[in-house]
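In: Sequence and predicted structure, then a few things I'm wondering about:
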Amino acid sequence: MISAGTAFRFLEQDLLLLPQKAIYWAQEKALIVADVHFGKVGHFRKAGIAIPRNMEQDDLALLSDLIYEHQPEKIIFLGDLFHSDMNNDWDWFVLWRSQFPKLEIILIKGNHDIISDKHYTSLGVILHQQLSIGPFLMLHHPLTDPNEQADGGYVLCGHLHPGVSLVGRGRQSVTLPCFTFGKHQAILPSFGKFTGKVAILSRKSDKVFGVLKDKVVAIS
């Protein structure tokens, strides 16, 4: 049984912030995921860098677990689904897709999504540069000016692989992946295991949720 996550009522929508670094949106029966970077392992191995092969399969297995647990009707990927040019890891994605033929898959294209559109459309993946659904505008890149509201709704995006730095009493520090909800946009943590995270500056008015191994906790 996957941990339940943290319920967050926002803009009259019911969001479940999951420790697997995804959001389940109840009203749309949708999983929202950013920055998976499938194929990054294959990309590095092709360059002669030794990376464990099972990292890509772990990410796909985790996505499958979330689908079985929450029974979404769609998955919305907020860009950088695949890391670069097509490599052998694409075959794993094709196999995974075949297990969920009725699942609607939407990709908001990111800067790393350079594989030809025809390969995605052949798998029934719907492509957009941006997409408005309900009160939200799905993007890959964050707003250039976070103080200005975007046309189309409150932004959900990725790209930055955000983290929040915490300092303990003994001055130990740790950086956790995080969900950051600001005035006009929310930035999701990167889903992929092989992606890393960067501590970002947040405003006092931002709502920040840190991601631990099996839970999501409100930090500010």
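Out: Received it, and whenever you're ready, just let me know what you need.

In: Now do residue 161, the pLDDT please.
Out: Predicted confidence (pLDDT) for residue 161: 89.

In: What residues of the longest helix anywhere in the chain count as buried?
Out: Secondary structure of the chain read by DSSP state H shows that its longest helix is helix 54-70. Using 16 or more other Cβ atoms under 10 Å as the burial criterion, the residues of helix 54-70 that qualify are 55-56, 59-60, 62-63, 66-67, 69-70. Using the backbone N, CA and C atoms, a C-beta is placed for each residue, glycine as well.

In: Same check on stretch 108-124?
Out: Residues of stretch 108-124 classed as buried by neighbour count (16+ other Cβ under 10 Å): 108-110, 112-113, 115, 120.

In: got the contact list for that stretch?
Out: Residues from elsewhere that reach stretch 108-124 (Cβ atoms under 8 Å, 6 or more residues apart in numbering): 35, 37, 76-86, 90, 93-94, 97, 101, 105, 107, 127-131, 138-141, 158-159.

In: now these: which count as buried?
Out: In these, burial by neighbour count holds for 35, 37, 76-84, 90, 93, 97, 105, 107, 130-131, 138-141, 158-159, counting by 16+ other Cβ under 10 Å.

In: circling back: and the buried residues of helix 54-70, which is closest to residue 18?
Out: For these, the closest approach to residue 18 (Cβ to Cβ) belongs to residue 66, at 7.1 Å.

In: Contact partners for the closest one?
Out: Contacts of residue 66 (Cβ under 8 Å, 6+ apart): 2, 18, 20, 22, 24, 31, 72.

In: Over to residue 64?
Out: The contact partners of residue 64, taken as Cβ under 8 Å, 6+ apart, are 96, 99-100.

In: and if you look at residue 75?
Out: Contacts for residue 75 were tallied using Cβ under 8 Å, 6+ apart; they are 30-33, 63, 67, 103-106.

In: That one is in what secondary structure piece?
Out: Secondary structure assignment for residue 75, by DSSP states H and E: strand 74-77.

In: CA atoms of that strand as CSV?
Out: These are the backbone C-alpha positions of strand 74-77, laid out as CSV (Å, rounded to 0.1, in the frame of the first residue of the first chain):
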residue,chain,number,x,y,z
LYS,A,74,-4.9,10.5,-17.1
ILE,A,75,-1.3,11.4,-16.4
ILE,A,76,0.0,14.9,-17.1
PHE,A,77,3.7,15.1,-17.5
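
In: Output the contacting helices and strands for whichever helix or strand comes after that strand.
Out: Next in sequence after strand 74-77, counting helices and strands by DSSP H and E, comes helix 89-98. Taking 3 or more Cβ pairs under 8 Å, 6 or more residues apart in numbering; DSSP states H and E as the contact definition, the neighbouring helices and strands of helix 89-98 are helix 54-70.

In: and the helix it packs on, average pLDDT?
Out: The average of the pLDDT scores along helix 54-70 is 84.

In: Same question for stretch 13-26.
Out: When the per-residue pLDDT values of stretch 13-26 are averaged, the result is 97.

In: Give me the subset of the buried residues of stretch 108-124 lying in strands.
Out: When DSSP state E defines the strands, the subset of the buried residues of stretch 108-124 inside them is residue 108.

In: can I get the buried residues of stretch 108-124 in TSV with distance to residue 165 and pLDDT?
Out: Listed next are those as TSV, based on distance: Cβ to Cβ, whole Å; pLDDT from 0 to 100:
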residue	distance to residue 165	pLDDT
108	28	97
109	30	96
110	25	93
112	25	80
113	29	88
115	34	93
120	36	95
